[in-house]
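Q: Below: sequence and its predicted model.
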Amino acid sequence: MGPVGGPVGGPVVGPAGVRRRRVARVALLVAVLLGPVAGCGSSLDPQDVAGLDGGGVQTAGDGGAGDATDDGLGAAPAAPGDGADGGPAPVAPDGSDGPGAAPAAPGSAPDDGAGGGGDASAPPAVDPDRAGDCTGFRNGPGITDDTITIGNSSDISGPVPGLFEASRDATAAFVAYFNAANPEGICGRRLVLRTYDSRTDAAADQQAYAAACGEVFAMVGSMSAFNSGGAKTAEECGLPDIRSANVTPERNDCATCFGAQSTRTGEVANATADFILEQYGDTAKRSAFLYVNAGAAAANAPRQAKAFEKRGLDFEVVRGIETSEFNYTPYVQELKDEDIKTVFFTGATSMSVRLRQTMQQQGYEPVVYMREPTDYNRTYVETGGSAVDGTVIYTNFTPFEEAGRNPELSLYLSYLEQVRPGAEPGFFGVFSWSAARLFVEKATALGGRLTRASLVSALRATTSWTANGLHSPQRPGPHRTGECFRFLRLDGRTWRPFGGTAYRCDGTSFG
């Protein structure tokens, strides 16, 4: 997250200064609220998907909760190919509830399912072999003879404008793709998208879901920083809610809410610690975990350190950094004094850049500087310069650099460009597209048995979900953290695979 309006708690000059300081605080709060998600290797910095303005989805009204979206998104482009450079192929479609698989070895051929605009390499919009019999199909909330209306509630307005537009746009992109590639729809019904603005506010989230209960069949691809507000409302009205990710305990406890990226508080994938020990051995055992000392990050970082200790790392330093602290020299000096070899950090991109720059100034370079995908963004590379070179990140989704070798990722990027020309893809967009894919697969398979209750039951049984190899296997049904990750290292200004392109799946531990 880049600086927003100067230091938190800095001087205030008039109304503009008040707004800048509030934006900075909210942006940082969003980062720490998303700590449990980021700690599982899943989040790009929220600020890096903020500020996407103009173009895209045409929304009626003034942007408040409950505004409707027209899904007339124009002609669909042909689905992109998968490239021919012998790179890693995607996993075959897993149907969501079969065993998940890591990406195929380099040089393997992609699945040849037809669909997606006629490209034989692209995943199909609907697998005819898994489509349920439509006999007995009944209309209901959000369903007419011709359409199935789904909803998306994401943070669009508020202190950080456009915070999760990536999720709204990705859902709209999938609707455009599905309607173009599958004219028959789901039992003869095309998809319509209705959008809501949760406004970076729990009350607005609740208001959006109260409206959605009577207006849409299911909520799909939503993403909001304060998503506790609508959790009880969704559950009480039986509204299926397939989100990009659940980021609060209330949402994770919601019986009708599911994250395409699945997490459980305190459950940590073993792959990261195992990878460090495999790559560096005892050299990297002496570890430190620094984190922003606020919100979920303060609660979860020490638990993550404990989980990693169970895998063999030794944490000599576990330390929080106050949000008001801008002098990182004492923290780096402690790392030097303790001869720390591996440094983990949980916090915003701007904080990570500051920490790395201080390390460079103090002549300290750890063997490993490990981050979740929060730093997998242009801001980190451009503002950090040589100080951030060598950063390692763990990730559970296919890097954008490999889109040409991953048909599902190529579909997302292609239809995103149609719906929102020039928009940058984002992590939360990846998992919102995945959420829409999950909805379509389950609804299609149910056929004439499709109801809100039957969809929720089908989602609860989903124990392995990859969205056709878009990301590593997730466990949305039981709300369990996914165990599979891969790694990237920053080489100059380029992120490159580190330790191969296959996901590493080593189970999970609780801290």
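A: Cool, the structure landed.
Q: tell me which element F345 is part of?
A: F345 belongs to strand 342-346 when assigned by DSSP states H and E.
Q: Ok, T233 next?
A: helix 231-236.
Q: Just the buried residues of that helix, please?
A: Neighbour-count burial for helix 231-236 flags 231, 233-235 (criterion: 16 or more other CB atoms under 10 Å). In short, each C-beta sits where N, CA and C put it, glycine included.
Q: which residues touch that helix?
A: Helix 231-236 has contacts (CB atoms under 8 Å, 6 or more residues apart in numbering) with 206, 209-210, 212-213, 219, 239, 241, 248, 250-251, 253-257.
Q: Please indicate which of the residues you listed are buried?
A: Buried members of the contacts of helix 231-236, scored by 16+ other CB under 10 Å, are 206, 209-210, 212-213, 219, 239, 241, 248, 250-251, 254, 256-257.
Q: Can I get stretch 184-195 as PDB, trimmed to CA atoms?
A: Extracted C-alpha coordinates of stretch 184-195, given in PDB (Å, rounded to 0.1, in the frame of the first residue of the first chain):
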ATOM      1  CA  GLU A 184     -28.500 -21.700 -23.200                       C
ATOM      2  CA  GLY A 185     -27.500 -20.500 -19.700                       C
ATOM      3  CA  ILE A 186     -28.500 -22.500 -16.700                       C
ATOM      4  CA  CYS A 187     -31.700 -24.400 -17.600                       C
ATOM      5  CA  GLY A 188     -32.500 -21.800 -20.300                       C
ATOM      6  CA  ARG A 189     -31.800 -18.800 -18.100                       C
ATOM      7  CA  ARG A 190     -29.000 -16.300 -18.700                       C
ATOM      8  CA  LEU A 191     -27.100 -14.600 -15.800                       C
ATOM      9  CA  VAL A 192     -27.900 -11.100 -14.700                       C
ATOM     10  CA  LEU A 193     -25.600  -9.200 -12.300                       C
ATOM     11  CA  ARG A 194     -26.900  -6.800  -9.700                       C
ATOM     12  CA  THR A 195     -24.200  -4.800  -7.800                       C
END
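Q: other SSEs contacting the strand holding F345?
A: strand 286-292, helix 295-309, helix 349-361, strand 368-371 (3 or more CB pairs under 8 Å, 6 or more residues apart in numbering; DSSP states H and E).
Q: Export the ones you listed as CSV, with columns for mean neighbour count, distance to L193 and mean pLDDT.
A: As requested, the helices and strands packed on strand 342-346 are exported to CSV (neighbours: other CB atoms under 10 Å; distance: least, CB to CB, whole Å; pLDDT from 0 to 100):
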stretch, mean neighbour count, distance to L193, mean pLDDT
strand 286-292, 24, 35, 97
helix 295-309, 21, 30, 89
helix 349-361, 21, 30, 96
strand 368-371, 23, 34, 98
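Q: need these in CSV with distance to N270, can you?
A: Listed next are those as CSV, based on distance: least, CB to CB, whole Å:
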stretch, distance to N270
strand 286-292, 15
helix 295-309, 8
helix 349-361, 23
strand 368-371, 14
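Q: For T444, which of these is the nearest?
A: Smallest distance to T444 across the helices and strands packed on strand 342-346 (CB to CB): 35.6 Å, for helix 295-309.
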